[in-house]
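Chemist: Dropping a prediction and its sequence here:
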Amino acid sequence: MRMTKNVNREVLIFLHMDDEHPGFIAKFLQHANIQFRIIRSYKKETIPPLDNSMMGLVFMGGIMSANDEIGWIKDEIKLIGQALEHNVPILGHCLGGQLISKALGETVSKNPDAEIGWHDCYRTKPKIKDGWLDGIKDPFTMFHWHYESFSVPVDAEPLFYSVHCKNQAYSYGNNVLAMQCHVEMTLPLISDWINSWKDDLTIESASQQSYTQISEDLERKVSELNLVASSLYTRWVSTLTV
């Protein structure tokens, strides 16, 4: 890690698509007065080497696979590996969670079912209070949009699962959280996603919801999701050091 003195520390947020926004995690960091900077590596923005200005790393989702032979994907996985080595807090959403798993030597493969829409998740160990989901009812509803899923390291702690995806989230050590689901949704963000990809949201099955199903009572669903996000983000942010 490159060391510098008297540096302003910040969280780096990595975006992976043009129609993506960090959503609720950005609002949460702003409310907590934590400085952050967005990096769009897919647009050839420089992925900086790890240094002590990095308070934490956040990786968002994307339509690509963590297995794709893309230079910036490999570079992000390399950065995650460096952060793990130096105990820098890391947070991953969907593709971001898969990148963390790849950096830990795990696999990313096709999920048994495509999981799209609002689906319930269940605590893996509901009686254990670990700080990640304290005060959140079980089950709780999360937003999902993925076709692949990650394997979980043997020394990680599985946090929750859904009927259609057994590996929804895990913590690694004290300050790493990898999630397959999209807890970062805000009302503007999810509205933008489902309207931009409306033509792809036509299937109605046990694991996939249509545009109409996702849109139903959307404001209430997002509000409840934000409560879950607040719990998860509060626990993660508690590991950041200014």
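Modeler: It's in.
Chemist: For the chain, which segments are assigned as helices?
Modeler: Using DSSP state H, the helices of the chain run over 24-31, 71-85, 95-103, 187-196, 211-215, 218-237.
Chemist: of all these, which lies closest to residue 44?
Modeler: Smallest distance to residue 44 across those (Cβ to Cβ): 7.6 Å, for helix 71-85. Heads up, the C-betas are built off the backbone N, CA and C, glycines and all.
Chemist: Could you give the separation of the closest one from the chain centroid?
Modeler: With Cα atoms, centre = their mean, to the nearest Å as the basis, helix 71-85 stands 16 Å off its chain's centre.
Chemist: And the residue positioned nearest the centre of the chain, how close does it get to residue 22?
Modeler: The C-alpha lying nearest the average C-alpha coordinate of the chain belongs to residue 93 (Cα atoms, centre = their mean; 1.3 Å). Computed as Cβ to Cβ, to the nearest Å, the residue 93 to residue 22 distance reads 9 Å.
Chemist: Please enumerate the shared neighbours of these two.
Modeler: Residues touching both residue 93 and residue 22 (Cβ atoms under 8 Å, 6 or more residues apart in numbering) are 58, 60, 184.
Chemist: confidence score at the second one?
Modeler: Same thing as residue 60. pLDDT, residue 60: 96.
Chemist: Just put the helices of the chain in a markdown table and tack on mean neighbour count and mean pLDDT.
Modeler: Below are the helices of the chain laid out as a markdown table (neighbours: other Cβ atoms under 10 Å; pLDDT from 0 to 100):
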| stretch | mean neighbour count | mean pLDDT |
| --- | --- | --- |
| helix 24-31 | 18 | 96 |
| helix 71-85 | 18 | 96 |
| helix 95-103 | 27 | 98 |
| helix 187-196 | 16 | 95 |
| helix 211-215 | 16 | 98 |
| helix 218-237 | 18 | 97 |
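Chemist: Need these in JSON lines (columns: distance to residue 155).
Modeler: Rendered in JSON lines, the data for these read as follows (distance: least, Cβ to Cβ, whole Å):
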{"stretch": "helix 24-31", "distance to residue 155": "26"}
{"stretch": "helix 71-85", "distance to residue 155": "12"}
{"stretch": "helix 95-103", "distance to residue 155": "13"}
{"stretch": "helix 187-196", "distance to residue 155": "33"}
{"stretch": "helix 211-215", "distance to residue 155": "36"}
{"stretch": "helix 218-237", "distance to residue 155": "19"}
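Chemist: do you know which of these lies nearest residue 166?
Modeler: helix 95-103 (13.7 Å).
Chemist: Check which helices and strands the closest one is in contact with.
Modeler: Here helix 95-103 touches strand 54-59, helix 71-85, strand 90-93, strand 108-123, strand 140-150, strand 176-179, going by 3 or more Cβ pairs under 8 Å, 6 or more residues apart in numbering; DSSP states H and E.
Chemist: Over the third one, what's the mean pLDDT, rounded is fine.
Modeler: For strand 90-93, mean pLDDT rounds to 98.
Chemist: which one of the helices of the chain lies closest to residue 129?
Modeler: Checking the helices of the chain against residue 129 by Cβ to Cβ gives helix 218-237 as the closest, at 11.0 Å.
Chemist: Extract the CA atoms of that closest one and return them as PDB.
Modeler: Listed in PDB are the C-alpha atoms of helix 218-237, where the atom choice follows Å, rounded to 0.1, in the frame of the first residue of the first chain:
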ATOM      1  CA  LEU A 218     -43.300   0.300  -5.500                       C
ATOM      2  CA  GLU A 219     -42.900   3.100  -3.000                       C
ATOM      3  CA  ARG A 220     -43.700   0.900   0.000                       C
ATOM      4  CA  LYS A 221     -41.400  -1.800  -1.200                       C
ATOM      5  CA  VAL A 222     -38.500   0.600  -1.700                       C
ATOM      6  CA  SER A 223     -39.100   2.200   1.700                       C
ATOM      7  CA  GLU A 224     -39.000  -1.200   3.500                       C
ATOM      8  CA  LEU A 225     -35.800  -2.100   1.500                       C
ATOM      9  CA  ASN A 226     -34.200   1.100   2.700                       C
ATOM     10  CA  LEU A 227     -34.700   0.000   6.300                       C
ATOM     11  CA  VAL A 228     -32.800  -3.200   5.500                       C
ATOM     12  CA  ALA A 229     -30.100  -1.200   3.700                       C
ATOM     13  CA  SER A 230     -29.700   1.100   6.700                       C
ATOM     14  CA  SER A 231     -29.000  -1.800   9.000                       C
ATOM     15  CA  LEU A 232     -26.500  -3.400   6.700                       C
ATOM     16  CA  TYR A 233     -24.800  -0.100   5.800                       C
ATOM     17  CA  THR A 234     -24.700   1.000   9.500                       C
ATOM     18  CA  ARG A 235     -22.800  -2.100  10.400                       C
ATOM     19  CA  TRP A 236     -20.400  -1.800   7.500                       C
ATOM     20  CA  VAL A 237     -19.700   2.000   8.000                       C
END
